[in-house]
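> Sequence and predicted structure are below.
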Amino acid sequence: MPAFPEPRLAHVGYYVRDLDKMVAFYKRVFGFVVTDHGVSTRPGSPTMAFMSRDPNEHHQIALATGRGDDMPTTINQVSFRLASLEELQTWHRR
């Protein structure tokens, strides 16, 4: 039986309450740099900071405002990278 395709963790997104504080934390503790910002003109939409340690990746972490006091988690999304569409289809069938 062939080996199952190996996914790589590629991206995580977090909802935060204090964007500046979280950006400073990831810079200081993990050495991330801000690669981009997202500012929405729509009321209630999140402001975002995109951060990476890899100069070839636009972002590895996305931090978004909008975490309410009643939100049970900070996770916005978790993404994995596979080598090909065929590997993705193998995971989908699983």
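Ah, there it is.

> Show me what counts as buried in the lowest-mean-pLDDT helix or strand in the chain.
Across the helices and strands of the chain, mean pLDDT, DSSP states H and E gives its lowest value to strand 75-81, namely a mean of 83. Using 16 or more other C-beta atoms under 10 Å as the burial criterion, the residues of strand 75-81 that qualify are N76. To be clear about C-beta, it is placed using only N, CA and C from the backbone, and glycine gets the same treatment.

> Remind me what it packs against, helices and strands.
Helices and strands touching strand 75-81, by 3 or more C-beta pairs under 8 Å, 6 or more residues apart in numbering; DSSP states H and E, are strand 8-16, strand 61-65.

> Quickly compare those and say which is most buried.
Comparing the helices and strands packed on strand 75-81 by mean neighbour count (mean count of other C-beta atoms under 10 Å), strand 61-65 ranks first with a mean of 22.

> Show residues contacting that one.
Applying C-beta atoms under 8 Å, 6 or more residues apart in numbering, the contact partners of strand 61-65 are 11-17, 19, 22-23, 26, 32, 46-52, 76-77.

> for this structure, what's the longest helix?
helix 19-30 (DSSP state H).

> So which residues make contact with that helix?
Contacts to helix 19-30, defined as C-beta under 8 Å, 6+ apart, come from residues 14, 16, 32-34, 47-49, 51, 53, 61, 63, 65.
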